[in-house]
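Enquirer: Okay, here's the prediction I keep looking at, along with the sequence it came from:
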Amino acid sequence: MQRKVLMITYYFPPVIYGSGIRVLNFAKYLTQYGWNSTVLTLNHSTFNVLKDFSLSERVKESGIKVYAVNLIKVFSKIASANYPNVKREISAEILSYLYKIASLNEPEEIWKSRATKLGEKILKSEKYNAIIAFVPPLSTAQVGAYLAKKFKIPLIIDYSFIQNQKKSPSKTEEKLLRTSHSVIVDNRKIKDHLLQNYLFLDYNLVKIIPTGFEPFEFQNYVASSDDKFTLTFSSGKIGGKKIKLVLNALAYLSKKEQLFKKSLLLNLIGIPTNEVINLITKFQLKDNIRIYLNLNRENYIKTLLSSDFLLYLDDFDISNIPYDYAAVEKPYIAIVDGSNSFRYIIGDQKNSLIADTNEPSSIVLAFEKAFELFLNDRKLTPKINIENYDINRIIINLVRELENFVYD
């Protein structure tokens, strides 16, 4: 018997921000267990977010139904491979400003309203067994909760990351969590955050199902090598306290030691803030840094593989990145909040260099140690249990969770 699940997500390929690839892999692999997925998402053609159009072909080949809310039209079904031209993009900030001066709601509010209408149309046309709402943003869960109540369908809320971990608990979020039938999280850090902030949650209700990766994606690549001390950091948006601490440390060591300056190469994969761009110029690091926007999946993996160390900052805004890091089996320079936060590192923290944001000197020491290992041709070798992150195994846990809500 074929079963159906409606996945509500603000991000979906070609957008690779947030839970985009997580949703794609879940939807793709669920078909092997008799679950057909329909994705309800937003057309991001006007937003300046990371996109990989090579993933559009994967969506098309998978046979997943994709419906995208359009900010201009009420709704539209889109062909998976025919996304708008990236040259037509404008920044989200400009778009928000235009909506404000026209006295219209924010884009996310418009998405919520129109996604609800389109969701109603989808659920009226076919019978669905479950709804999964992928958070953040929280608006996906709001849409899911409304549809679940109206059509009497179980709701699962899935967290791929927490946008602001220091923010106080939200009454809106609490209400949504109370109405959900199950909560899924990508990792232990998110689970602990939810349990600490929403004490009514049952420990066993919150299930950890990692994003994982497809092992075949990382096979048959040959890493390029040169004489550079190559570091790589990947994120959706590149900004904030941690990256500034990284740039400060690299600038300090570049001034201190000419060989470090000559050898250093930092790959930044993502969209940097203006502040980060200005800091790179201020610290005279422009010749040492390459910035990649909209890097396709193949070249992204090759860039990771060509690195001596990967920068692991423990607040990733793209759920698949730490698993991609683990897949290429490169050592980390992990910069975390507090000495106990290392336990949340996805991958092998024992064969990594760990620094604390509360002690900037520890970041400098970590880079010095990494450079020393590079000069002496000594390598840290991470030990990864691939099976723990293999999507082929992970998906079984999601199937079991969905089967709890199917009554034949």
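Expert: Okay, I see it.

Enquirer: So, low pLDDT: which residues of the stretch 151-300 of the chain?
Expert: For the stretch 151-300 of the chain, the stretches flagged by pLDDT under 70 are 164-167, 223-224.

Enquirer: Spell out which residues sit in contact with Phe134, please.
Expert: Residues near Phe134 by CB atoms under 8 Å, 6 or more residues apart in numbering: 7-11, 18-19, 22-23, 140, 158, 160. For glycine as for every other residue, the C-beta is placed from the backbone atoms N, C-alpha and C.

Enquirer: Please read the previous query as pertaining to Tyr29.
Expert: Here Tyr29 is in contact with 391-392, 395 (CB under 8 Å, 6+ apart).

Enquirer: before we move on, what about Thr9?
Expert: 18-20, 23, 39-41, 133-134, 140.

Enquirer: Counting only helices, which of these make the cut?
Expert: 20, 23, 140 (DSSP state H).

Enquirer: got a markdown table for those, with distance to Lys207 and pLDDT too?
Expert: Listed next are these as a markdown table, based on distance: CB to CB, whole Å; pLDDT from 0 to 100:
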| residue | distance to Lys207 | pLDDT |
| --- | --- | --- |
| Gly20 | 21 | 92 |
| Val23 | 17 | 96 |
| Thr140 | 18 | 95 |
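
Enquirer: helix or strand for Pro13, which one?
Expert: Per DSSP states H and E, Pro13 falls between elements, in no helix or strand.

Enquirer: If I follow the layout properly, it ends up in contact with Ser56?
Expert: Yes: Pro13 is within contact range of Ser56, at 6.2 Å (criterion: CB atoms under 8 Å).

Enquirer: rewinding a little: selection in PyMOL covering whichever of the ones in helices among the contacts of Thr9 are buried, please.
Expert: Buried residues within the ones in helices among the contacts of Thr9, by 16 or more other CB atoms under 10 Å, are selected in PyMOL with:
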select buried, resi 20+23+140
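
Enquirer: could you dump the ones in helices among the contacts of Thr9 to CSV with distance to Lys242?
Expert: Output for the ones in helices among the contacts of Thr9, formatted as CSV (distance: CB to CB, whole Å):
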residue, distance to Lys242
Gly20, 22
Val23, 26
Thr140, 27
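
Enquirer: which secondary structure elements does the one helix or strand Asn278 maps to contact?
Expert: According to DSSP H and E, Asn278 maps onto helix 274-282. Applying 3 or more CB pairs under 8 Å, 6 or more residues apart in numbering; DSSP states H and E, one finds that helix 274-282 makes contact with helix 241-256.
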